[in-house]
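**Q** Just need the structure, nothing else, for what follows:
(one chain, ligands or ions: 1)
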Amino acid sequence: MSLIEDLVAAYRILAEHGVIDAYGHVSVRSDRDPGRYLLSRSLAPELVLPEDIMEYDLDSNPIDPRGRESVRERFIHGEIYKARPDVKSVVHNHSPSVVPFSITTVSMRPIFHMAAFVGEGVPNFEIRDAEKGTDLLVKTPHLGQALARTLGKCPAALMRGHGSVTVGENLPRAVGRSIYLELSARMQLEAMTIAGPGGKIAYLDDMEVKASVPVQDYARAWPLWRAKALAGLKSQ
Ligand SMILES: [Zn+2]
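**A** Sure thing, here's the model as predicted:
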């Protein structure tokens, strides 16, 4: 029950922080079977309850659908879990400040310690390289595999004209990374605006990234975020 509660909280936390709109989703690898993962049925994140959480195998087949509709982009989750045994949680979102970096040649760079993971690389997934003329949704195993390949060993990837995906070795880290990826994108735009064309910006260097990433596990924020989210659930 605890992992399911954590996942329900994660949906609400991400919605509250403006990271997922009506369409984003977050999953967690099962703690009983690493060949399975948990993801909500197709539902707006703020409405997710424990009974909406479904279990999938890594081919993204629902184990016990009971009439519940699956998220079409679930292959993002299944294919990343297959490719990355270290990953225990995946967030896919359309957070608005991140998308412009997916459609320009300006890369996201590590600009502050809470989002130091950006310095480990945030590649950009060009869906056209995998399939032309799509509606941009990653709704087949083939597209999920292509996205997982672009992600590689990185903590996050942009998805051109669509959104992004963040991963972590636990739920708090994947959720925290999504929240701070959005903030980092906003701050980078502000810094570039202040600096002006050709202006200098002091990004984190590689040594600072290496020193910061292990520390930024969002472990202090998580109990607060979770308690607030579940308090909202009980008052419904
Ligand atoms: Zn999407």
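**Q** most centrally placed residue in the protein?
**A** The residue lying closest to the centre of the chain (C-alpha atoms, centre = their mean) is Val91, at 2.6 Å.
**Q** That residue contacts Ile179, doesn't it?
**A** No: Val91 lies out of contact with Ile179 (C-beta atoms under 8 Å); the separation is 9.3 Å. (Each C-beta comes from the backbone N, C-alpha and C, glycine too.)
**Q** Now the common contact residues for those two.
**A** The overlap between the contact sets of Val91 and Ile179 (C-beta atoms under 8 Å, 6 or more residues apart in numbering) consists of Leu14, Val19.
**Q** thinking again about what came up before, dig out what the residue nearest to the centre of the chain forms beta bridges with.
**A** Val26, Thr166 (DSSP bridges).
**Q** How about Tyr56?
**A** Listed by DSSP bridges, the beta-bridge partners for Tyr56 are Tyr37, Pro62.
**Q** Distance of it relative to Gly144?
**A** Relative to Gly144, Tyr56 is positioned 12 Å away (C-beta to C-beta, to the nearest Å).
**Q** need the longest helix for this structure.
**A** Ordering each helix of the chain by length in residues (DSSP state H) puts helix 171-195 first.
**Q** list the helices and strands it packs on?
**A** Here helix 171-195 touches helix 2-16, strand 25-29, strand 89-93, helix 99-102, strand 163-168, helix 221-234, going by 3 or more C-beta pairs under 8 Å, 6 or more residues apart in numbering; DSSP states H and E.
**Q** So for that helix, mean pLDDT?
**A** What helix 171-195 shows for mean pLDDT is 97.
**Q** what about stretch 76-94, how long is it end to end?
**A** The straight-line separation of the ends of stretch 76-94 (C-alpha to C-alpha, to the nearest Å) is 14 Å.
**Q** Please identify every residue contacting each of Tyr56 and Gly144.
**A** Gly78.
**Q** before we move on, back to that, which parts of the longest helix of the chain are buried?
**A** Neighbour counts over helix 171-195 (16 or more other C-beta atoms under 10 Å) mark 171-185, 187-188, 191 as buried.
**Q** what does stretch 131-150 give?
**A** Within stretch 131-150, the residues that qualify as buried are Val138, Lys139, Thr140, Leu143, Gly144, Gln145, Ala146, Leu147, Ala148, Thr150, counting by 16+ other C-beta under 10 Å.
**Q** do stretch 2-22 as well
**A** Neighbour count says stretch 2-22 has 4, 6-17, 19-21 buried, by 16+ other C-beta under 10 Å.
**Q** likewise stretch 60-80?
**A** Residues Ser60, Pro62, Ser70, Val71, Glu73, Arg74, Phe75, Ile76, His77, Gly78, Glu79, Ile80 are the ones in stretch 60-80 that count as buried (16+ other C-beta under 10 Å).
**Q** for those, which one is nearest Asp31?
**A** Nearest to Asp31, judged by C-beta to C-beta, of the buried residues of stretch 60-80 is His77 at 15.7 Å.
**Q** Got the phi and psi for Leu157?
**A** In this structure residue 157 is Ala, not Leu. Dihedral pair for Ala157: phi -140, psi 140, per degrees, to the nearest 10.
**Q** In contact with the nearest residue to it once chain neighbours are set aside, which residues are there?
**A** Excluding its sequence neighbours, the residue lying closest to Ala157 (C-beta to C-beta, 6 or more residues apart in numbering) is Leu151, at 4.4 Å. Residues in contact with Leu151, defined by C-beta under 8 Å, 6+ apart, are Ile80, Ala83, Arg84, Pro123, Phe125, Ala157, Val165, Val167.
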